[in-house]
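okay, structure incoming, though there's no sequence with it:
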């Protein structure tokens, strides 16, 4: 118990708590620029207090420095070519500085950082679920909003990223409890991409656990049996007992993924995302070299891309293409470190493909960058046995 308490006092754990604390901002209705400024100032104060320990690490931060340089080039071109609002520039600068400080503090201790994020996750769930059942959270056409009346997709992305990061630090029972709690919260918010991401994360976590305890052959055998056995049992149940078929269709197809929903179902192009993607590709085709600049959806009054890679190339043009290639290279580097990291990379890649965040200080996508550069730079230790 004492050792766990002192673990919580480690700086990476504190940074994880700070980076995932935006639920406080939503609950208290604090201006996001003000709140994130406080977070950045808090990190800067830690750096000053322990400057002798961390200044030396800056020389070994090559991958993240290259990433930040590319994004700074994109930001500079946006400022030079377009009438970008000052607030958008400030927010991007805060993102750069905050990410650099987090990576400086976390270094090899991604498990400590993940522990801090997990603490925030449990706190979010302890507040959100009771508020829903007390009638304090608004319901829009069957979808409960997130804290502070924020969009349900935002809440789902935050909770999914919490679970993904928690796979670094939680044991099976705690991780499964967190998974079930987040699954229920995402059901309330009808955040389908997040539901899919956390289900994939939990399955991969179990596969990794079996590999660690029983070996690769046993894991492959059990996975193969599961792939064959589960669909077979479901199919037999559906054919022989009509009520089973109704349950499977009603729960998984309609309740979770809303396949037959008039506005968000199978005939809506991923809830209209195909139209968002088409608009983004059209803008990139018209501005292939420098893109259309940061904060373009609000500035040009067009749809957001709902895709990390399209966001990159539409905002930054050719620089964004290099940014995409650099991030994909980091994915490959992380996988080369250890296939165990598929637990975090596959769900995150799914979220990047269909969710609408690019560079901001929410834990998604902020946690994505922390994972890629902490592990990809080679400073992070292998995952410990669960």
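Yep, it's here. Given the structure is predicted, the values throughout are model-derived calculations rather than measurements.

hey, let's count contacts and neighbours off CA atoms from now on
Will do.

residue 289 in helix, strand or coil?
Secondary structure, DSSP: H, G, I helix; E, B strand; the rest coil: residue 289 is coil.

what's it in contact with, if anything?
Neighbour list for residue 289: 316-319 [criterion: CA atoms under 8 Å, 6 or more residues apart in numbering].

try 10 Å
313-314, 316-321 (CA atoms under 10 Å, 6 or more residues apart in numbering).

okay but residue 353 is in contact with residue 274, surely?
No: with contact defined as CA atoms under 10 Å, residue 353 does not reach residue 274; the gap is 11.6 Å.

so where do the helices sit in the stretch 51-200 of the chain?
Using DSSP state H, counting those that start in this stretch, the helices of the stretch 51-200 of the chain run over 51-54, 62-81, 86-106, 110-133, 152-166, 172-189, 192-214.

residues contacting residue 329?
Counted by CA under 10 Å, 6+ apart, residue 329 has contacts 323, 335, 372, 376.

list the buried residues for the helix or strand where it lies?
Element membership of residue 329, judged by DSSP states H and E, is helix 318-337. By 16 or more other CA atoms under 10 Å, the buried positions in helix 318-337 come out as 318-324, 326-327, 330-331, 333-335, 337.

between the residues you listed, which is closest to residue 115?
residue 334 (20.2 Å; CA to CA).

hmm, residue 27 and residue 136 touching each other?
No: counting by CA under 10 Å, residue 136 does not reach residue 27; the two are 11.6 Å apart.

common neighbours of those two, please.
Joint contacts of residue 136 and residue 27 (CA under 10 Å, 6+ apart) are 128, 147, 149.

drop anything exposed from those residues.
128, 147, 149.

can you put those residues in a markdown table and add pLDDT and distance to residue 73?
Listed next are these as a markdown table, based on pLDDT from 0 to 100; distance: CA to CA, whole Å:
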| residue | pLDDT | distance to residue 73 |
| --- | --- | --- |
| 128 | 96 | 40 |
| 147 | 93 | 35 |
| 149 | 90 | 35 |
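
of those, closest to residue 13?
Nearest to residue 13 among these is residue 128, at 22.6 Å by CA to CA.

what's the closest non-adjacent residue to that closest one?
Among residues not flanking residue 128 along the chain, residue 147 sits closest, at 6.7 Å (CA to CA, 6 or more residues apart in numbering).

how near is that neighbour to residue 154?
10 Å (CA to CA, to the nearest Å).

returning to what we had before: need the overlap of contacts for residue 353 and residue 274.
Joint contacts of residue 353 and residue 274 (CA under 10 Å, 6+ apart) are 305-306.

quick one: contacts for residue 44?
Residues in contact with residue 44 (CA under 10 Å, 6+ apart) are 38, 50-51, 97-98, 101.

hmm, which of those residues is lowest in pLDDT?
Across those, no position has a lower pLDDT than residue 51, which has 72.

using CSV, lay out the buried ones among the shared contacts of residue 136 and residue 27 together with distance to residue 306.
Shown next, in CSV, are these (distance: CA to CA, whole Å):
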residue, distance to residue 306
128, 25
147, 22
149, 21
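
quick one: list the elements packing against the host helix or strand of residue 366.
Taking DSSP H and E as the definition, one finds residue 366 inside helix 363-376. If contacts are counted by 3 or more CA pairs under 10 Å, 6 or more residues apart in numbering; DSSP states H and E, helix 363-376 sits against helix 11-19, helix 62-81, helix 86-106, helix 110-133, helix 152-166, helix 318-337, helix 342-354.

of these, which approaches residue 364 most closely?
Of all the helices and strands packed on helix 363-376, helix 152-166 comes closest under CA to CA, at 5.7 Å.

buried residues in that closest one?
152-166.

mind pulling the model confidence for residue 235?
60.

from what I can see residue 330 touches residue 373, true?
Yes: judged on CA under 10 Å, residue 330 makes contact with residue 373 at a distance of 7.3 Å.
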